[in-house]
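> I'd like to go over a predicted model; first the sequence, then the structure.
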There are 4 protein chains.
Amino acid sequence: MDDAHTANIHSESDGDSGDHGDTNASDSDAQQALEVVFQPENIHRRKSSLVPSNTRPQNNRKRTNCFVHSFLDENNGEYLPNHNASYEGLAQERKVDKDPDGALDAGHQSRLLTKKQISDMAFGIRELAKRLAHIRLKMNVQHVFLLAKAHDATLIANTREVAHWLLTRDQHYKVYVEDTLEHNRVFDAEGLLASNHSFEGRLKFWTNKLCAEKPQTFDIVLALGGDGTVLYASWLFQRVVPPVLAFSLGSLGFLTKFDYDGFQNTLSRAFKEGITVSLRLRFEATVMRSQVHNGDSARDLVEQLIGEESEDNHTHKPDGTHNILNEVVVDRGPNPTMSTIELFGDDEHFTTIQADGICVSTPTGSTAYNLAAGGSLCHPDNPVVLVTAICAHTLSFRPIILPDTIVLRAGVPYDARTSSWASFDGRERVELRPGDYVTISASRFPFPSVLPLDRKSKDWVDSISRTLNWNSRQRQKSFKEWN
Amino acid sequence: MDDAHTANIHSESDGDSGDHGDTNASDSDAQQALEVVFQPENIHRRKSSLVPSNTRPQNNRKRTNCFVHSFLDENNGEYLPNHNASYEGLAQERKVDKDPDGALDAGHQSRLLTKKQISDMAFGIRELAKRLAHIRLKMNVQHVFLLAKAHDATLIANTREVAHWLLTRDQHYKVYVEDTLEHNRVFDAEGLLASNHSFEGRLKFWTNKLCAEKPQTFDIVLALGGDGTVLYASWLFQRVVPPVLAFSLGSLGFLTKFDYDGFQNTLSRAFKEGITVSLRLRFEATVMRSQVHNGDSARDLVEQLIGEESEDNHTHKPDGTHNILNEVVVDRGPNPTMSTIELFGDDEHFTTIQADGICVSTPTGSTAYNLAAGGSLCHPDNPVVLVTAICAHTLSFRPIILPDTIVLRAGVPYDARTSSWASFDGRERVELRPGDYVTISASRFPFPSVLPLDRKSKDWVDSISRTLNWNSRQRQKSFKEWN
Amino acid sequence: MDDAHTANIHSESDGDSGDHGDTNASDSDAQQALEVVFQPENIHRRKSSLVPSNTRPQNNRKRTNCFVHSFLDENNGEYLPNHNASYEGLAQERKVDKDPDGALDAGHQSRLLTKKQISDMAFGIRELAKRLAHIRLKMNVQHVFLLAKAHDATLIANTREVAHWLLTRDQHYKVYVEDTLEHNRVFDAEGLLASNHSFEGRLKFWTNKLCAEKPQTFDIVLALGGDGTVLYASWLFQRVVPPVLAFSLGSLGFLTKFDYDGFQNTLSRAFKEGITVSLRLRFEATVMRSQVHNGDSARDLVEQLIGEESEDNHTHKPDGTHNILNEVVVDRGPNPTMSTIELFGDDEHFTTIQADGICVSTPTGSTAYNLAAGGSLCHPDNPVVLVTAICAHTLSFRPIILPDTIVLRAGVPYDARTSSWASFDGRERVELRPGDYVTISASRFPFPSVLPLDRKSKDWVDSISRTLNWNSRQRQKSFKEWN
Amino acid sequence: MDDAHTANIHSESDGDSGDHGDTNASDSDAQQALEVVFQPENIHRRKSSLVPSNTRPQNNRKRTNCFVHSFLDENNGEYLPNHNASYEGLAQERKVDKDPDGALDAGHQSRLLTKKQISDMAFGIRELAKRLAHIRLKMNVQHVFLLAKAHDATLIANTREVAHWLLTRDQHYKVYVEDTLEHNRVFDAEGLLASNHSFEGRLKFWTNKLCAEKPQTFDIVLALGGDGTVLYASWLFQRVVPPVLAFSLGSLGFLTKFDYDGFQNTLSRAFKEGITVSLRLRFEATVMRSQVHNGDSARDLVEQLIGEESEDNHTHKPDGTHNILNEVVVDRGPNPTMSTIELFGDDEHFTTIQADGICVSTPTGSTAYNLAAGGSLCHPDNPVVLVTAICAHTLSFRPIILPDTIVLRAGVPYDARTSSWASFDGRERVELRPGDYVTISASRFPFPSVLPLDRKSKDWVDSISRTLNWNSRQRQKSFKEWN
């Protein structure tokens, strides 16, 4: 059997071929009880998604050093021609990253991919995540990014402590702290530099712009604080994310896996023995603004999004894309009454939800707002999206678990009496006026979370146990003694 | 890059290779920022699972004609040597099926597989399901299995109607009805045969034994009734299941996709144009009986299942295995008080649940008992297991979504005051005495459910909409008008 | 037995007597196995509640014609000396209403009553409600108040239709419509008056001010619309509320009991045969503003509200009182993060809630936001308050049913990172800054809702059945067929 | 004002007597805006409730010393003729208790009362509870009943310890322990008696029969154990219940209010200073067996219970009555499928529930099974009944709070495929075959639970705080840190 055949096995993901599956099947003898007929896949793009965005920041990155992409890059020239089609999504991403002027960029946002492309991309990330879970990555660390809330004096002192330790430990380390610390009295950059002349030129200050434009600068992110600080890291790095190792200053969280006490040992070991990374699904969410302003009373969001109108009728225009780690919430915002939200999955109109809002959560976010809204806990390895209504005002909604290859769209009907608001990882609440919607789909930029080496298989259960007060050896007090 | 390399990309699941991942990675230049180190996987089998079962029915099947296995078989000699490793699980299954004396059988029950083997097997089924979803299977139908509740006079008349139509339509068709109909007055087999001499020898009567031992006899199962009848088909076919096309006599259900009215058209089209199959995950659940009868008060289920005791101390013995389509429930049974249940996932003790019981559901079953117990709706394509407590008596449990590669064990602690009961798809309630447990893992025998050709992509949303009273064009009445 | 004895039976509620219970008890012979000792009641007022309000609108009402108060008034001079002590709360209210300058008014807001006074007042309302439920009130109707949303053309036309019918029907009727309709083209007041010269002087226009100041002007309120319109009636009539008869223009609701179609028959019968009134509990909710502005970091809301500080340290000041029919919600408002809310019941600190918010609902409101937030349905006759967390972010909250004699206080702790917002029947969202709180207690001004005469005993079940899709003769489709 | 007038005020349901209130209303001048018309109440008894029970144990009690009844008795001859009608229910009960041959007894079971009688009875208990909450009862204790699980060696030792302390403390005390302890080695009755000759004749042994027939023998019950032991006390004393003071041997519960450690101080103080009693609502639940055995396929439970058939068609017969403190559960019992249950409230058919079962809970039981099934916490003072479905299989049920004056009936429809099972406080599971039902209504025999004197007002909050892990000064860890 030759390569062509091998390729065919995964030909589902070949963009250039119209069929899906192994045509060998139809060659098979008629004496078999079955014959396989391939069906034309639904290859049209989603409607109302075609106007290119011009609002996103330019990312003129020349080349990614991200370990995820490096992992693919290292096989350059040999690996890719034969690479399993599943990785194609990531391969395309790589090309985008190399694109000198970002012109291709808008064309590759997840929301614009075909169902098949999204499916392949999600599958590729999943495969990569699976492989990463089994390996230890040894890093040649040089550029360390320190992250903490810059308004908390204790955390600033901790940041200084870590920076000092790193600068002292290895002369090749460059340490980046937030630029607001440059003249902060608690951080005392001047004093730090004066304490050891070798520190000169190795203490650097990062800006949000640097994170957005040159994320590949950093070999690792060290986050100090709680899960909120890790969410902040996700917010800073909207595209490629360096591995994030998070220290908790209180009790451990779902994303903060290491005690700050003993950070020296943790880091020494990580830099020497390598790290294990849990690659977490993020969503890409894009706000789509209705372009129909003519007050036409016949406007109908359902018709616009899944109806049979001509494709060239561009009804909506993108207005900002967010990569999120926990959840997208569309809710009533400052409005005291409930929201009416139209929910679409791929090319289907699911239902009209009347509720305080809806929460569309990643598995990582399942323990946050999703849980509060009545959703299920979800293991982060599951390739799923959790959709949960927030205080549904009808009997007709229950939390729903969907595949992560779906493209969800949640919008405000044109005849809604009020706006709704979208927020992304609990930030940046954006108003959605009647006719606007948000698309939500798997992001090409997953979030690499560093796990403790020796507890990695138990990591999730440990987290859940802490949250639910599980204790493997002591029984919970039940509501009532029965007999 | 040669084939060997391609193979390596998926070498994780290669049985013959001890490593996991692409060794190319470690070849890569040191100038890269990372180095990959493979970690020894946890390859030990689960404790307390080692006593081979001798209670399962023998399945001396010579060869499977099941379309699932046929699909692999047809590529024999060429396909398999290069087959993607993901299919190995199924390939092994195929070998087992060919095993003349079933001797290997017990050794391949899911609960005895290593974590990696289960993971590969689940993954293989998922891949197969994905491929089947995109193809139309043309069947050379000869042996049609008719299933309906044999005590319902209406359904017996329907069965006769379908049988008559089939026997009339094509002289090659053989029609199997339940053996209890042989002398049933409503069915009137004698009259049927007398009506057309060509029917002779083509009306046959199936027994439970035939389903268990020669499932490959049947090209298709036609179920008449409701979702309960489909569950009954799953119960009859504990190993390989022929494609099941289910006609509803009332409203459509989650598993009954076709109206009985117009069955002639449905069948004509299916036999001519082919069918599309949704391959549904089933669980394999095995009751494990404690063998420790010495009244030792120090017995501890947690210790026995995940402790460090010597492996050769066989504490439990299997007592019956069930392949289920919806859910396994462990509950208080006839006991008016609550149950205490120890829950384990792989080699971790999750928690001690004090509740009416727990429901471990497939995605297919998510709309049944799981939903009643407060679990989420789950798309059947998601490779997950849903664990939901039934009336938890502590604050510390929420529904949990786990990967379908997990092996769950739910047991009754030795110091429990009462037994619990296990039931399988709402049948066969079995007492679990203190010390007993049930293992639950993905089954190698998925359930092929025939979908309507023209609605297949919308099938799940249609089902959910019917259940939740969604109506895409009409708003639900909300609890309250606000303004 | 003389009156004194009768009085003693209920002497608990005698304001002028310090003891609680029947002193006969202590007279009883020592041969009895028990002796009764009365305990001093907790008579102190709640802390932080003492600064008199000066922000409430003046109500210089001379005399109430409200049927509730009339019912008591008509027995003046004879009835009251013997009136069951339970009615004292209402009797005091009556005195307040007669108070020429309202000076006593602030002193009688519920939040300033002692536990015992609130208890008596709530009990009095309950007793009155019970009596009203069993009688038909024949009204000598003269002043009819028409209420509908004035921006809805259809409703304006309906309003005109009802007004015309009333004016035609009886020359003694005076009809009040909203003042915004005076020059409304759809309503066409001029045309209406021109159509019949007898209408002159009998079509009047109400203002919000008139509702606030002279609610006793109106014999009955006819609401056209939905439940939201009835809530609007409750909002308009913050103190005494005339009986409200609500016509639905769509499907019947919890508060809209009559079909608009056939309003003529409904009204003819009501005016001729009388009406039955369901007296619904309302809450009185007062915003309390922290007066501590010295930035003292030691400020502690729990300490201020239930601590042992000196009474003359007035920490809070009232800032607006609302009588509400459905619920008070304190939530995160426009804030994308959760709220932290301290909850107090009488003089106890219950707990600190971390949630989207809390909903404190009357039984009437139990089918509105409370139900959406996971609370129970509650029969309107139950003398209870329902407290439900909205998306609690801890495991430690479940919906709670409390007696309607409790005084609840819900506040924002001084160290909260964000404000919360209070809303009243879904209106008038008010910011609560750290240190502020809301008191919620039974209102002295219940809401008289007119019920259909012939369905009154079934009214609630009818409403619930409509909401939950109950159908007494047809079974609900269950999630799953089992066998 | 004369008696006749008084009668009219409460003429709602009456009959002949009973006079509650004031007819001044109807005398009132026509110039008033309203006229009161009394409406004939629905006075028919519930259908299918008429066959007198002959299965209840005879209670030939001569006289009650129960403090509840004593409290009324002490006013004998003077008090009762003028007693507030609200007490009538209890007064009748008193007569029943004096009834020498119990002949009237069956006629006074709650289920046979009219709506008005039940309402009055419930109201009377509530009033009594309210009065008791404010007084300290000084008891002349002589007969002390000790209760503990007799199979637990530790508890037997505790029982002996308390018995010894009581016998030593006061020569007038008589101590009753369970008759199974008479020859128990751990209890060592012989040794106890030998230790002090004054104990002779003062250590007595109770039997279940004694509890059933002469509950008034005992001045107080001391329960040792947990809440289950208190439920056991409720089970033992099916009619009049002596005050129950419960000591916990572990953590305090909802019904066990006192630490066993320090029982000497607790008892000394209780006997000297008196006790405060919380009078808890109990339900009376009667199993009603269908008497229709003719296999008539037209039998319809809804028709039989609320239809218009002739009254003399006695369709059901009582088969055992239970007074319960926590809840009545009707569920699927050992059946692995769901139950179908018809639910009736008074003369209304509410709905057909398809579920694992339903839980009908008292406020006291709200923290037990009700909470596990998703019901609300409920303050024990609320005069309500909580109805909660257990794993409802439709979307159409939410927990419901009903007045405690309702008579609920929950039955199995004639066409149900399976039986359901009723259990009472988690005991005595009874099969309900198709056509059978259970009536549930407020019991005339409330349960007096002794509260700590100094914490009584905080008692419930304390209990809830323990259950929900509330901690007034320490915040709960929320699911997630937000920013």
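That came in fine, so what should we check first? Residues are numbered from 1 along each chain as shown, chains lettered A, B, ... in the order given.

> what about whichever residue of the stretch 1-150 of chain A sits closest to chain C, how many residues nearby?
Per CB to the nearest CB, residue A:149 is where the stretch 1-150 of chain A lies closest to chain C, at 11.7 Å. Heads up, the C-betas are built off the backbone N, CA and C, glycines and all. Using other CB atoms under 10 Å in any protein chain shown, residue A:149 is surrounded by 17 other residues.

> who's in contact with it?
Counting by CB atoms under 8 Å, 6 or more residues apart in numbering or on different chains, residue A:149 touches A:155, A:225, A:228-229, A:232.

> the closest residue to chain D within the stretch 301-450 of chain A and residue A:398: what is the separation?
Nearest residue of the stretch 301-450 of chain A to chain D, counting by CB to the nearest CB: residue A:368, 3.9 Å away. Distance of residue A:368 to residue A:398, computed by CB to CB, to the nearest Å: 19 Å.

> out of those two, which sits in the more crowded spot?
residue A:368 (28 against 22).

> that one against residue A:324, yeah?
No - Residue A:368 is not in contact with residue A:324 according to CB atoms under 8 Å; the separation is 11.2 Å.

> doesn't residue A:211 fall inside a strand?
No - assessed with DSSP: H, G, I helix; E, B strand; the rest coil, residue A:211 is helix; it does not lie in a strand.

> ok, it - how many residues close by?
Residues near residue A:211, counting by other CB under 10 Å: 23.

> tell me where chain A has helices.
Using DSSP state H, the helices of chain A run over A:3-9, A:24-27, A:67-73, A:79-82, A:88-98, A:115-132, A:153-169, A:189-195, A:208-213, A:227-236, A:263-273, A:301-306, A:369-372, A:459-468.

> make CSV from the ones you listed and add distance to residue C:240 and mean pLDDT to it.
Formatted as CSV, the helices of chain A follow (distance: least, CB to CB, whole Å; pLDDT from 0 to 100):
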stretch, distance to residue C:240, mean pLDDT
helix A:3-9, 80, 30
helix A:24-27, 81, 34
helix A:67-73, 70, 47
helix A:79-82, 81, 25
helix A:88-98, 68, 34
helix A:115-132, 62, 81
helix A:153-169, 56, 95
helix A:189-195, 69, 94
helix A:208-213, 59, 94
helix A:227-236, 50, 94
helix A:263-273, 67, 93
helix A:301-306, 45, 82
helix A:369-372, 41, 94
helix A:459-468, 51, 84
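
> quick check: which of the ones you listed is buried the most?
helix A:369-372 (a mean of 28; mean count of other CB atoms under 10 Å in any protein chain shown).

> where's that one relative to the chain centroid, distance-wise?
Mean-position distance between helix A:369-372 and its chain equals 18 Å (CA atoms, centre = their mean, to the nearest Å).

> who touches that helix?
A:326-327, A:329, A:359, A:361, A:376-378, A:386, A:388, A:399, A:426, B:398, C:338, C:355-356, C:391-393, D:479-480.

> now swap in stretch A:172-179 and tell me
Outside stretch A:172-179, the residues touching it (CB under 8 Å, 6+ apart) are A:141-148, A:150, A:159, A:163, A:166-167, A:187, A:189, A:202-207, A:217-218.

> can we see that at 7 Å?
A:141-146, A:150, A:159, A:163, A:166-167, A:202-207, A:218 (CB atoms under 7 Å, 6 or more residues apart in numbering or on different chains).

> what subset of these is buried?
Among those, those buried by neighbour count (16 or more other CB atoms under 10 Å in any protein chain shown) are A:141, A:143-146, A:150, A:159, A:163, A:166-167, A:202-204, A:206, A:218.

> restricted to strands, list those.
Using DSSP state E, the members of these that fall in strands are A:143-146, A:203-204, A:206.

> geometric centre of chain A: which residue is closest?
Taking CA atoms, centre = their mean, the centroid of chain A lies closest to residue A:282, which sits 1.4 Å from it.

> for whichever residue of the stretch 51-200 of chain A sits closest to chain B, list each beta-bridge partner.
Nearest residue of the stretch 51-200 of chain A to chain B: residue A:138, at 3.7 Å (CB to the nearest CB). On the basis of DSSP bridges, residue A:138 is bridged to residue B:35.

> ok, now residue A:389?
Applying DSSP bridges, one finds that residue A:389 bridges with residue A:358.

> wait, isn't it in contact with residue A:397?
Yes - Residue A:389 sits in contact with residue A:397 when judged by CB atoms under 7 Å, with a separation of 4.3 Å.

> joint contacts of the two?
By CB under 7 Å, 6+ apart, the residues touching both residue A:389 and residue A:397 are residue A:353.

> ranges for the strands of the stretch 201-350 of chain A?
Counting by DSSP state E, counting those that start in this stretch, the stretch 201-350 of chain A has strands at residues A:203-206, A:220-225, A:244-248, A:258-259, A:276-280, A:283-290, A:316-324, A:327-331, A:339-345, A:348-361.

> bridged to residue A:411, which residues?
Beta-bridge pairing for residue A:411 (DSSP bridges): residue A:342, residue A:437.

> typo on my end, residue A:245
residue A:222.

> list the contacts for it?
Residues near residue A:245 by CB under 7 Å, 6+ apart: A:220, A:222, A:258, A:270, A:450.

> at 10 Å instead, please
A:144, A:220-223, A:230, A:256-258, A:263, A:266-267, A:270, A:275, A:277, A:448-452 (CB atoms under 10 Å, 6 or more residues apart in numbering or on different chains).

> tell me the residue of the stretch 251-400 of chain A that sits nearest chain C?
The stretch 251-400 of chain A approaches chain C most closely through residue A:334 (3.5 Å), counting by CB to the nearest CB.

> residue contacts, the residue nearest to that residue when sequence neighbours are not counted?
Once flanking residues are discounted, residue A:334 sits nearest to residue C:334: 3.5 Å by CB to CB, 6 or more residues apart in numbering or on different chains. Residues in contact with residue C:334 (CB under 10 Å, 6+ apart) are A:332-335, A:421, A:429, C:418-419, C:421, C:429, C:431.

> so residue A:341 sits against residue A:355, correct?
Yes - if you go by CB atoms under 10 Å, residue A:341 and residue A:355 touch, sitting 7.1 Å apart.

> identify the contacts common to those two.
Between them, residue A:341 and residue A:355 share these contacting residues under CB under 10 Å, 6+ apart: A:330-332, A:389.

> grab the two from those residues that are most spread out in space.
Taking CB to CB, the two most distant members of the shared contacts of residue A:341 and residue A:355 are A:332 and A:389; they sit 12.2 Å apart.

> looking at these two, which is more packed in?
Legend: neighbour count by other CB under 10 Å for residue A:332 and residue A:389, higher for residue A:389 (26 against 23).

> with adjacent residues omitted, what lies nearest to residue A:208?
Nearest to residue A:208 is residue A:236, by CB to CB, 6+ apart, at 6.4 Å.

> pretty sure that neighbour is touching residue A:212, no?
Yes - judged on CB under 10 Å, residue A:236 makes contact with residue A:212 at a distance of 7.7 Å.
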